[in-house]
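Asks: Could you look at this predicted model? Sequence included:
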Amino acid sequence: MPSSSAALRYAVALGFSAAAILARWLLDPWLGSALPLVTVYGAVAFGAWLCGWGPALLATAAGYLAADFLFIPERGALSLGTTAEVVGLLAYLISSGIIIGFGESARRAKARTDKSEEALRSAREKLNVVVNTMAARVAWCSRDLKYLWVSKPYADWLGLKPEKLVGRSIQEVMGPAGFEKIRPHVLQVLEGHEVRYEEELDYPSVGPRWVSAIYTPTYDGDTVPTGWIGVILDIDQRKRAEDALLQADRRKDEYLATLAHELRNPLAPIRNSLQILRLKSPAEPTLETARDMIDRNVQQMVRLIDDLLDVSRITGGTLQLRRERVELAAALRQAVEMSDPLIQSSAHRLIVTLPAEPINFSADQTRLAQIFGNLLNNAAKYTEDGGIIRLSAKLDGREVVVTVADNGAGIPPEHLPHLFEKFTRKSAQTERSRDGLGIGLSLVRGLVALHGGSVTAHSDGDGKGSSFVVRLPIADSSEPRPEAADPIRRTSGPAVSHRILVVDDNRDSVVSLAHMLELMGHRVHTAEDGLAAVETAALVQPNVVLLDIGMPKLNGHAAARQIRSGPGGAEVTLVALTGWGQKEDKRMAAEAGFDHHLTKPVDPAVLKDLLAGIPVR
């Protein structure tokens, strides 16, 4: 019995004794002197059960004394004068002791049970507080696919109270379509596996939601799961944000590809016209200087476009290396050739220091040249005219270390941590003409990482020059040098004259390219849309068609297919000449029947070598 003090328990025990004596007194007319202690045993039992063994002993003593005085002869006096009275007292005390012992045990067992139940209630209340306030929704389900218990947040998603869900079928509550989505996971967890998944499920109260769920099997002393506990986390906002980012990334890639296409289109007639000037104009020094200047800046614009697309490919994980056995000196020589116009135009002095022994390793030579070419361009750009640029390489264990250093503008300390991030620009607003797009160093870092290496920048501050150190592993150098994937091969064979059809909806491109090809000795026909291309090809039956892709009336892919199926189409060489230069664009061109794919603005020397390798028919 719960009490506030020990005194109260003793008082209650005495009350039980008094009640027992009163009950015996009321029975006295019928019992007389028989059974004088019959009701007292009850007081002892109640005292032990409800108040404990101490108060029960008090009830035992008080009850016997009162009964002896009132009901045992001689009544009205206390006596133990006879053997029978002594034996009766001993029997009473033994019986009361046994009753007190059992009562105390029962009382303690009840107290333990009450405490356990209270602890269980408290634990359940705490659990409910936790699961009902946590971000995750929790459900306990049985093997026969019914809810055994659910948290309130889970029930809220289903639009019901928790008690209304218990015992109901999961399929009934979620609906057939929703249950079919989770059925594979349910079957898996009932086989004893922990299951994790992300799904978009339709909940009655909140609608479609992306969730991340963990199903854990439950057991009841057997090896076969009796059900499972599901913990479901709402990840809808995150998934929607991820989808939005993916969409934005796709739109960005589409925009960059379109931008590259639109920038390359006007560069094509500029480069064609430049070649025409080379072929037709006299070799006058001033004109040569002007032509070289135009060519150098066209090449720089093409490199900027290619770098921009390469950064996008690296970010999207779509840029693939073409590894081969590369000699480091060859890659560095190619990089120097790429950067030489910029270095020469600024009157810089380039000092190259290479090891005496060749260094061969597995890499993509074109990308290596791109890495070191960008670093050399960077050094040339940020060094005042007449500066010194040093390019050095050495072996360091199983790594090759290439350093590009200059005595130029240097890098402020606060810029160093962000130097390789995309679109990071060093200069202040008034000096932005030297900064470019801020993608060159980001591209360097991405390409170096694809090779399994690292790049670091060092500078003592403004005006104190800078150095970039590239470390590349050379552990794998056993790969043979493959044949170049580019189908265009340089040739020194005799000049050939082809019947060529040039097709482009940009009139400047058509006119300039046709004129350039005629100066090379070819017979040229032109068309300015896809339908005209198909009609002209059927009429003149060219053996080479230079075909743009994005055209009105009929695009280049459709036109290529129709030319292939027309007269002489099986023998004609189809060349895609387009501003679309992504990997996917080249794949689509090959599927449409093109033999080659050239990206605008095409290098006249590359086009010349391509045409020289095509047999005349």
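Replies: Okay, I see it.
Asks: Using CSV, write down the CA coordinates of stretch 338-347.
Replies: Extracted in CSV, the C-alpha atoms of stretch 338-347 (Å, rounded to 0.1, in the frame of the first residue of the first chain):
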residue,chain,number,x,y,z
MET,A,338,50.9,25.7,-78.2
SER,A,339,52.1,28.6,-75.9
ASP,A,340,54.9,29.9,-78.1
PRO,A,341,52.9,32.6,-79.9
LEU,A,342,51.8,34.2,-76.6
ILE,A,343,55.3,33.9,-75.1
GLN,A,344,56.9,35.4,-78.2
SER,A,345,54.4,38.2,-78.5
SER,A,346,55.4,39.3,-74.9
ALA,A,347,59.1,38.9,-75.6
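Asks: got a pLDDT number for Ala457?
Replies: In the prediction, the pLDDT value recorded for Ala457 is 91.
Asks: before we move on, what about Pro55?
Replies: Taken from the predicted model, the pLDDT recorded for Pro55 is 79.
Asks: Look up how far Ser5 lies from it.
Replies: Computed as CB to CB, to the nearest Å, the Pro55 to Ser5 distance reads 12 Å. In this view, the C-beta of every residue, glycine as well, is placed from N, C-alpha and C.
Asks: of those two, who's got more company?
Replies: Here Pro55 and Ser5 are compared on neighbour count by other CB atoms under 10 Å; more neighbours surround Pro55, at 28 against 8.
Asks: How about the strand or helix carrying Val352, which residues are buried there?
Replies: Assigning secondary structure by DSSP states H and E places Val352 in strand 349-353. The neighbour-count check on strand 349-353 (16 or more other CB atoms under 10 Å) flags Leu350 as buried.
Asks: With stretch 579-588 instead?
Replies: Within stretch 579-588, the residues that count as buried by 16+ other CB under 10 Å are 579-582, 585-586, 588.
Asks: ditto for stretch 173-188
Replies: For stretch 173-188, a neighbour-count test (16+ other CB under 10 Å) marks 173-174, 178-179, 182, 185-186, 188 as buried.
Asks: again, but for stretch 501-517
Replies: Residues of stretch 501-517 classed as buried under the neighbour-count rule (16+ other CB under 10 Å) are 501-506, 509-517.
Asks: State the mean pLDDT of that stretch.
Replies: Within the predicted structure, the mean pLDDT of stretch 501-517 is 89.
Asks: Identify the single longest strand in this structure, thanks.
Replies: Counting by DSSP state E, the longest strand found in the chain is strand 207-218.
Asks: who does that strand touch, helix- and strand-wise?
Replies: Contacts of strand 207-218 with other secondary structure elements, assessed using 3 or more CB pairs under 8 Å, 6 or more residues apart in numbering; DSSP states H and E, are made with helix 176-189, strand 195-203, strand 227-234, helix 236-280.
Asks: Tell me the strands beside that strand, with direction?
Replies: Next to strand 207-218 in the sheet, as set by DSSP bridges, lie strand 195-203 (antiparallel), strand 227-234 (antiparallel).
Asks: Give me the angle between it and helix 176-189.
Replies: Orientation check (axes from the mean of the first three to the mean of the last three CA atoms, to 10 degrees): strand 207-218 against helix 176-189 gives 20 degrees.
Asks: Now do the buried residues in strand 207-218.
Replies: Judged by neighbour count (16+ other CB under 10 Å), strand 207-218 contains these buried residues: 209-215, 217.
Asks: Format the residues you listed as a markdown table; extra columns: distance to Val224 and pLDDT.
Replies: What follows is those, written out as a markdown table (distance: CB to CB, whole Å; pLDDT from 0 to 100):
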| residue | distance to Val224 | pLDDT |
| --- | --- | --- |
| Arg209 | 32 | 86 |
| Trp210 | 32 | 90 |
| Val211 | 27 | 89 |
| Ser212 | 27 | 90 |
| Ala213 | 22 | 91 |
| Ile214 | 20 | 92 |
| Tyr215 | 16 | 93 |
| Pro217 | 9 | 92 |
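Asks: Out of those, which is nearest to Ser105?
Replies: Pro217 (40.5 Å; CB to CB).
Asks: got the contact list for the residue lying closest to that closest one once chain neighbours are set aside?
Replies: Spatial nearest neighbour of Pro217, excluding adjacent residues (CB to CB, 6 or more residues apart in numbering): Pro225 at 3.7 Å. Counting by CB atoms under 8 Å, 6 or more residues apart in numbering, Pro225 touches 143, 189-192, 217-219.
Asks: Please report which of those has the highest neighbour count.
Replies: Each of the contacts of Pro225 was scored by neighbour count (other CB under 10 Å); the top score is that of Val189, with 22 neighbours.
Asks: Just confirm that residue contacts Ile229, I think it does.
Replies: No - when contacts are counted by CB atoms under 8 Å, Val189 is not listed as touching Ile229 (9.3 Å).
Asks: Which neighbours do the two have in common?
Replies: 215-216.
Asks: per-residue pLDDT, the residue most central in space within the chain?
Replies: In the chain, the residue lying closest to the centroid (CA atoms, centre = their mean) is Glu242, at 8.9 Å. Per-residue pLDDT puts Glu242 at 85.
Asks: so the nearest residue to Gly521 once chain neighbours are set aside, which of the three states?
Replies: Computed as CB to CB, 6+ apart, the closest residue to Gly521 that is not its neighbour in sequence is Ser497, at 5.1 Å. At Ser497, secondary structure determined by DSSP: H, G, I helix; E, B strand; the rest coil is coil.
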